[in-house]
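Student: what's the 3D shape of this:
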Amino acid sequence: MMKKVTICLLIILMILIIPITSVNAKTIGDLQKELEAEQKKLEDNKTQKAINSQNLSETRKKIDNIKNDISQVEKNIEDKENESAQLEKDIEKKNAETEDLMRYYQVSSSGSAMLEYIMGAESLTDLIYRLSITEQISSYNEKLVDEMNDMIDENEKIKKDLESEKERLKGLKSDLETQEAVLSQKQSELEDAGESNEKAIKSMQEELKYYKSLGCDNSYTIDGCLSKLYGGGSSGGYLPSGTTFYRPTTSGRISSEFGKRTLFGSANNHFAIDIAMPIGTNVYSVAPGIVGDIGRVCGISVVVWHNINGQTYSSLYCHLSKTIAKKGQVVTKDTIIAKSGNTGISTGPHLHLGLATGKYKADYYLYYGSSGSFESHTFNPRNVITFPPLGSSYYNR
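Tutor: You can find the predicted model right below:
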């Protein structure tokens, strides 16, 4: 029994003595691998875009060809309709000519018309000639009328065939237009994905360049690299800690809430609270932390990383007129990090304050996206900061 107790005590002692290292701590080497994976995604995206663009071009060419074919079929139908109409006029003319001839050729009930025609001949030869030529012309006209009627019938058949071909071409055109729409949508999605890849790659490259400038190799964790900068060890864990969040300015008016809203006539998700204020108002960090990024997320912007009660957060400040804090700078809640402004797509002078879990621009890079983005990590600033209702103002932090 004592032996078992001793073994248990030794195991507990070993657990207490052996340092526990977070296996989830992200290293600069991990970031390098993420960069390479993102670059591979970008190359794959370019290949897919090229193939899709070629398919889209060929589909559009087919649609143009079918449009030309439909136009030609419609012209052929119109030609046949005009031809039939002309044949009908010719038939009427030939019938009229035949009727005129028959007035002289046919014998009336009294026989007077025949006698009149015969008496008009100057000789027997002339009479025979007249009778013969009249009969020939009449027969010829009747033959022509029959041929023209046959042509009209043939035209009707051709028109029906052309109408069927026209409908077939329309159906094929409709299918190709559906295919074109799908390919166009895919191309748009690939363009957006490629743009996101490029932004993520640029951000990662800047991040790696910054960590390298601090003398950190791939074995360092990101927190450890920043810890090294401020005198800590390479194992990391350094991030100024705090116990609460504060308002980012000493005064302001809540002009837009977090969540769904309509802007410029379209519905969208707003991942922040907007605070209206004059341009040039001092903007403070909402908690102790390290400046993680200076850039243009939404106008001129600043990202600060925080450690509040053991949880890592990011605060995002947008539409600034200028930045004051530097990347990598340790800040407190009383550090002026920027001046408010109206840069980027803005509805007027205001501060856009967004909060998210994790380190934006280090743990993830994109702003929009269902995963691995600020959007997927964000939460309502009202959850941790006391703000007055929409349209109301405050005058302290």
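Student: where along the stretch 51-200 of the chain do the helices fall?
Tutor: With helices called from DSSP state H, counting those that start in this stretch, the stretch 51-200 of the chain shows them at 112-119, 124-213.
Student: looking at these, which is closest to Glu58?
Tutor: Glu58 lies closest, by Cβ to Cβ, to one member of those: helix 124-213, at 9.6 Å. (Glycine included, C-beta is placed from N, CA and C.)
Student: how far off centre is the closest one?
Tutor: With Cα atoms, centre = their mean, to the nearest Å as the basis, helix 124-213 stands 30 Å off its chain's centre.
Student: likewise for stretch 254-262?
Tutor: Distance of stretch 254-262 from the chain centroid (Cα atoms, centre = their mean) equals 24 Å.
Student: my read: Asn268 touches Arg261, true?
Tutor: Yes. Using Cβ atoms under 8 Å, Asn268 is in contact with Arg261, at 6.6 Å.
Student: tell me which of the two has more neighbours.
Tutor: Legend: neighbour count by other Cβ atoms under 10 Å for Asn268 and Arg261, higher for Arg261 (13 against 10).
Student: does the more buried one count as helix, strand or coil?
Tutor: Following DSSP: H, G, I helix; E, B strand; the rest coil, the label given to Arg261 is strand.
Student: could you check the pLDDT of it?
Tutor: pLDDT for Arg261: 70.
Student: for Leu351, see how far away it is.
Tutor: For Arg261, the distance to Leu351 (Cβ to Cβ, to the nearest Å) stands at 17 Å.
Student: what does Thr281 give?
Tutor: Distance from Thr281 to Leu351, by Cβ to Cβ: 8 Å.
Student: more neighbours: which of those two?
Tutor: Applying other Cβ under 10 Å to Thr281 and Leu351 shows that Leu351 carries more neighbours, namely 24 against 21.
Student: name the residues of stretch 293-310 that are buried.
Tutor: Buried residues in stretch 293-310, counted by 16 or more other Cβ atoms under 10 Å: 293-294, 297-308.
Student: still on that earlier bit, got any residues that touch both of Thr281 and Leu351?
Tutor: Both Thr281 and Leu351 are contacted by Thr249, Gly252, Ser340, under the criterion Cβ atoms under 8 Å, 6 or more residues apart in numbering.
Student: would a markdown table of those residues with neighbour count, pLDDT and secondary structure be doable?
Tutor: Listed next are those as a markdown table, based on neighbours: other Cβ atoms under 10 Å; pLDDT from 0 to 100; DSSP: H, G, I helix; E, B strand; the rest coil:
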| residue | neighbour count | pLDDT | secondary structure |
| --- | --- | --- | --- |
| Thr249 | 20 | 97 | coil |
| Gly252 | 25 | 95 | strand |
| Ser340 | 27 | 96 | strand |
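Student: closest to Val286 among the residues you listed?
Tutor: For these, the residue nearest Val286 by Cβ to Cβ is Thr249; the value is 9.9 Å.
Student: excluding chain neighbours, what is closest to that closest one?
Tutor: Thr281 (5.7 Å; Cβ to Cβ, 6 or more residues apart in numbering).
Student: what bits of the stretch 101-250 of the chain have low per-residue confidence?
Tutor: Along the stretch 101-250 of the chain, the parts satisfying pLDDT under 70 run over 101-138, 141, 228-238.
Student: redo that, cut-off 80
Tutor: 101-152, 155, 222-241 (pLDDT under 80).
Student: hey, which of the helices of the stretch 51-200 of the chain is tucked in deepest?
Tutor: By mean neighbour count, with neighbours taken as mean count of other Cβ atoms under 10 Å, helix 124-213 ranks first of the helices of the stretch 51-200 of the chain at a mean of 15.
Student: now do it: which elements does it pack against?
Tutor: With contacts taken as 3 or more Cβ pairs under 8 Å, 6 or more residues apart in numbering; DSSP states H and E, helix 124-213 sits against helix 28-105.
Student: helices and strands around the helix it packs on, which ones?
Tutor: Looks like helix 28-105 contacts helix 112-119, helix 124-213, helix 222-229 (3+ Cβ pairs under 8 Å, 6+ apart).
Student: many thanks, have a good one.
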